[in-house]
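Undergrad: When you get a sec, could you give me coordinates for this:
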Amino acid sequence: MIRSCLRRDLAAASVAALLVLVAVLVGHYVQNTQHNLSVRWAPFVATWNPHVGPGTAAAPLVAAAVIAYGPPLADRLPWRGLLPGLWAAAMAWIWSLALIDGWWRGIAVKLTTRYEYLQVIDRFDDIPATLRTFNDHILIGTPDNWPPHIAGHPPGATLTFVLLDRIGLGGGAWAGAFVITAGASAAVAVAVAVRALAGERLARRAAPFLALVPGAVWMGTSADAYFAGAACWAVALLALAVTRRSPWWASASGLLFGWCLYLSYGFTLLALLGGGVLLLGRRRLRERPLLLVHLVAGLAVAPVAFTLLGFAWWEAYPLLVERYHQGVGGTRPYWYWVWANLALAVVITGLATAPGLRRTGAALRAEPRRALTAPGTGGEDAAAARLAVLVAAGLLAIVAADLSGMSKAETERIWLPFAMWLLPACAFLPRPRGWLAAQAVLALLVNHLLLTSW
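TA: As a prediction, the model looks like this:
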């Protein structure tokens, strides 16, 4: 039985690896013949450039430490000690991978290119006035149109870096340090949510995989790492709201969900993850319906504030769609990216996630009704089913983003906020050290062989 399960796990990982290989081969053929993928090393936004740097020595050491000591420490440390340890390990992993490209190329200038947020800091001297006219500069062809990433996101994303600059933390190095720190906290947020909804045992088993996520290659330094941190904490606080007594967890969650809507238009899909959490906590909601009032009240704060300051989200989004199709989004073929994006999802979550998802599906099929028992009840089978629901919600968000056609390429960074919720599936895997090693090797190969744009 054990050998049979292992064979199925290895088969799932092999299929995932094959998907990546096919995406690379087909992508190179299409780009070389049709020249419409708009990436140099499809499906990655990267160039083939084998290289080493200061992080070359550090990253394998971090990986080896997590592989050797992560599982036993995750099992034995007090919970309050495990969380800062998890954050520190995740930061060490992201920093060391980023430094493979060197301090300057890997961190200090990544957020200062002509596509990035720091290019427009000086245009936010009068924040209310800029917000009132923000939509006037989204489309290509309008006067002083925004660079791609500013045009492609609501103004909350840019405002974050404006405020960092205002408090004396301006420039690419501080911006890079900020997104790495925020992005690493996503691992802690997911662990907190898993513990609240599916129990501490599964959260502890997932922790080493959250620390050693291959997607860390793109967390140092991409603003999407910061977005991932914010999104994961919004979901984690909602998980605490439906499992704790205080309604203020719901208020805090609502505040973050509302803020997330002004970081990325794609964060409307967080409703799927939030819905999954509410489904798992529906018994507490019946007992304390005021939780929803607190959630909605918190959720309304950012939209009301931005609207009063003059930015209309609902008017900006159609302009974004038009801008998307004015650029490379309009020429990249949907038929390729709709499945090649999933190959990128394999890379950012790692080969271990494929057998983890296989076991997640098995857990959900075995005990579908137990998933709806109250958190903390029903035993290990019920806990596994509840974790499966949470992972399935993250997977559903990725599928929805993929089918939308608004995520053609660049999903190695764009999908980080959703991909983090697939990693807890690895808690179902026996013998975690081997799978952790596979995760680390994948990230190290990608970061050393490819020069990524983020």
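Undergrad: out of everything not next to it in sequence, what's closest to Phe209?
TA: Cys426 (4.0 Å; Cβ to Cβ, 6 or more residues apart in numbering). Glycine gets a C-beta too; all of them are placed from N, C-alpha and C.
Undergrad: Neighbours of that neighbour, how many?
TA: 30 (other Cβ atoms under 10 Å).
Undergrad: Could you do the one 3 residues further on as well?
TA: Under the neighbour criterion other Cβ under 10 Å, Leu429 is assigned a count of 22.
Undergrad: Same question for Val328.
TA: If we define neighbours as other Cβ under 10 Å, then Val328 has 16 of them.
Undergrad: again, but for Pro289
TA: 9.
Undergrad: Return the backbone torsion pair for it.
TA: phi -60, psi -20 (degrees, to the nearest 10).
Undergrad: low-scoring stretches of this structure, by residue?
TA: 1-2, 367-372, 374, 376-378 (pLDDT under 70).
Undergrad: Could you tell me which helix of it is the longest one?
TA: helix 2-33 (DSSP state H).
Undergrad: Buried residues of that one, list them for me.
TA: By 16 or more other Cβ atoms under 10 Å, the buried positions in helix 2-33 come out as 9, 12-13, 16-17, 19-20, 23-24, 26-27, 30-31.
Undergrad: Ok, stretch 166-186 next?
TA: 171-186.
Undergrad: what's the closest of the residues you listed to Pro155?
TA: Among these, Ala175 lies closest to Pro155 (Cβ to Cβ), at 16.3 Å.
Undergrad: tell me which element that closest one is part of?
TA: In this structure, Ala175 sits in helix 172-198 according to DSSP states H and E.
Undergrad: Convert the C-alpha atoms of the next helix or strand after that helix to CSV, please.
TA: As assigned by DSSP H and E, the chain's next helix or strand after helix 172-198 is helix 200-211. This file holds the C-alpha atoms of helix 200-211, laid out as CSV (Å, rounded to 0.1, in the frame of the first residue of the first chain):
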residue,chain,number,x,y,z
GLU,A,200,-2.1,22.4,14.4
ARG,A,201,-0.7,19.0,13.2
LEU,A,202,-1.3,19.8,9.5
ALA,A,203,-0.1,23.4,9.9
ARG,A,204,3.2,22.1,11.4
ARG,A,205,3.6,19.6,8.6
ALA,A,206,3.0,22.3,6.0
ALA,A,207,5.5,24.8,7.6
PRO,A,208,8.8,23.6,6.0
PHE,A,209,7.2,23.6,2.5
LEU,A,210,5.9,27.2,3.1
ALA,A,211,9.4,28.3,4.1
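Undergrad: could you give the angle of helix 200-211 to helix 172-198?
TA: Using axes from the mean of the first three to the mean of the last three Cα atoms, to 10 degrees, the direction of helix 200-211 lies 160 degrees away from that of helix 172-198.
Undergrad: what's helix 200-211 packed up against?
TA: Applying 3 or more Cβ pairs under 8 Å, 6 or more residues apart in numbering; DSSP states H and E, one finds that helix 200-211 makes contact with helix 55-76, helix 79-98, helix 172-198, helix 379-404, helix 432-449.
Undergrad: which one of those lies closest to Tyr334?
TA: The nearest among the helices and strands packed on helix 200-211, by Cβ to Cβ, is helix 379-404 at 9.6 Å.
Undergrad: How far off centre is whatever helix or strand comes next after the closest one?
TA: Under the assignment DSSP H and E, the closest C-terminal helix or strand after helix 379-404 is helix 411-414. Its chain's C-alpha centre and that of helix 411-414 lie 8 Å apart, by Cα atoms, centre = their mean, to the nearest Å.
Undergrad: try stretch 28-45
TA: 24 Å.
Undergrad: So what would you say the end-to-end distance of it is?
TA: 12 Å (Cα to Cα, to the nearest Å).
Undergrad: now do stretch 276-285
TA: 13 Å.
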